[in-house]
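In: sequence first, predicted model second:
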Amino acid sequence: MGYGNYSHAAHAALVADRATRSGAEVFRQSATHALMNPHGLRVRESRDNADHPNSLGIAFALDVTGSMGDIPQTLARRELPTFMKLLTDCGVADPQLLFMAIGDATSDQAPLQVGQYESTAELMDQWLTWSFLEGGGGGSGSESYELAFYVIAQHTDLDCWVKRGRRGYLFMTGDELPYPAVSRHQVEALIGEKLDEDIPIEEAIAAAAETCHLFFLIPDAQRRRNCEPRWRELLGDHVICMDSPDDACAVAAGIVALTEKAVPGLDGLAQVMGAHGMPRERVNAVAHALEGYAALLDPNAPRRVHAGANGPGTARSSWWKRLFG
């Protein structure tokens with residue numbers, strides 16, 4: 001998949017049209033959409049074509065349980081065009097987006113929903129808003145995030161990897177722990193495949209990481225306490241703690257731009273975001289979330305100064321002035 005041209009104007013118009021609509025009018029599914037049902041799933045493809053000769057497969061696995069529905073709503077109502085525009089402004093060519101929705105396979109009726117990789121605004125939006133925001137979760141402190149790693153490892157085929165040895169991306173949003181293993185019983189029930197045994201989550205992550213850069217985005221500081229330590233054991237500095245769930249798209253775009261070396265570090269990314277018209281407070285919030293990952297990519301880069309004794313915002317403002325005068 002992944003044919004057709006992206007239009008930011010068309011995407012922005014789609015989003016603007018929803019300004020006065022309720023969440024139920026945007027996400028109208030009351031069960032898994034037939035085309036997002038993973039049962040019988042074969043492969044989701046991100047392919048090069050005449051419009052996109054250097055395709056880059058990017059998947060979002062969105063936690064749609066009760067505490068996490070704000071991110072899908074924000075993407076559909078405002079922020080997904082921001083993600084695409086930032087990638088374009090940074091010079092990242094030919095992104096193709098896939099959306100998955102993740103719940104809890106021990107209790108939810110729709111714990112795994114899987115879209116297609118797409119390049120046009122209309123089709124990206126279609127798969128996103130076809131997601132059923134079940135709003136469940138089992139109360140166990142875990143969600144079925146491991147199923148998304150399994151899908152990426154076993155059911156995606158990316159030309160960026162096959163043809164160029166360039167890994168795609170998986171951005172997973174969440175605020176809970178993963179289950180310790182991919183359950184063979186759940187895979188059989190949800191996808192229709194028989195496994196000989198459960199797959200430890202470490203093995204599922206290792207398999208997915210062969211073809212994709214994997215990131216876990218925690219919405220805000222309040223929700224990092226219970227889940228961050230375990231996720232850091234699994235993904236290290238690819239765990240990103242945001243200041244706000246509203247920053248998910250800008251943070252994800254920044255990660256792609258930094259990883260692909262499309263911008264010269266955080267300073268270059270901040271300049272692109274500023275030129276995009278992003279308020280300085282949001283630029284600082286995104287840079288704050290990405291500082292650890294940026295340092296991982298370039299340990300010799302100058303570190304950003306945090307607010308300190310001079311009061312909140314002072315150091316961040318001086319950082320902004322250094323960039324923009």
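Out: Thanks, I have it.
In: for the rest of this, base every contact and every neighbour count on C-alpha atoms.
Out: Noted.
In: and the pLDDT for residue 23?
Out: For residue 23, the pLDDT comes out at 88.
In: give me the number of residues near it?
Out: Residue 23 is flanked by 15 other residues according to other Cα atoms under 10 Å.
In: for it, give its distance to residue 104.
Out: Computed as Cα to Cα, to the nearest Å, the residue 23 to residue 104 distance reads 22 Å.
In: the closest residue to residue 238 other than its chain neighbours: which element?
Out: Nearest non-adjacent residue to residue 238, counting by Cα to Cα, 6 or more residues apart in numbering: residue 215, 4.9 Å away. Using DSSP states H and E, residue 215 maps to strand 212-218.
In: parallel or antiparallel, list what pairs with that strand.
Out: Looking at strand 212-218 with DSSP bridges, its partner strands are strand 168-173 (parallel), strand 239-241 (parallel).
In: now the longest one: mean pLDDT?
Out: Computed over strand 168-173, the mean pLDDT rounds to 98.
In: so which helix or strand takes in residue 152?
Out: According to DSSP H and E, residue 152 maps onto helix 146-155.
In: can you pull the buried residues of that helix?
Out: 146, 147, 148, 149, 150, 151, 152, 153, 154 (16 or more other Cα atoms under 10 Å).
In: hmm, the fifth one is touching residue 204, no?
Out: Yes - taking Cα atoms under 8 Å as the definition, residue 150 is a contact partner of residue 204 at 5.8 Å.
In: so residue 49: helix, strand or coil?
Out: Following DSSP: H, G, I helix; E, B strand; the rest coil, residue 49 is assigned to coil.
In: state the pLDDT value of it.
Out: 92.
In: the one 10 residues further on now?
Out: On pLDDT, residue 59 comes in at 98.
In: what about it, which helix or strand?
Out: Going by DSSP H and E, residue 59 is in strand 56-63.
In: got the buried residues for that strand?
Out: Residues 56, 57, 58, 59, 60, 61, 62, 63 are the ones in strand 56-63 that count as buried (16+ other Cα under 10 Å).
In: residues touching the residue nearest to residue 238, list them.
Out: If you count contacts by Cα atoms under 8 Å, 6 or more residues apart in numbering, residue 215 has them with 169, 170, 171, 172, 235, 238, 239, 240.
In: neighbour-wise, which one of the residues you listed leads?
Out: residue 240 (29 neighbours).
In: any idea which of the strands paired with strand 212-218 gets closest to residue 75?
Out: Ranking those by their distance to residue 75 (criterion: Cα to Cα) puts strand 168-173 first, at 12.1 Å.
In: so which residues of this protein form helices?
Out: For the chain, the helices defined by DSSP state H cover 8-16, 23-26, 70-74, 80-90, 121-130, 146-155, 159-164, 184-190, 201-209, 228-235, 248-259, 265-275, 280-297, 314-324.
In: I'd like those laid out as TSV, including distance to residue 140.
Out: Converted to TSV, the helices of the chain look like this (distance: least, Cα to Cα, whole Å):
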stretch	distance to residue 140
helix 8-16	35
helix 23-26	27
helix 70-74	21
helix 80-90	31
helix 121-130	27
helix 146-155	15
helix 159-164	36
helix 184-190	17
helix 201-209	17
helix 228-235	15
helix 248-259	25
helix 265-275	37
helix 280-297	28
helix 314-324	39
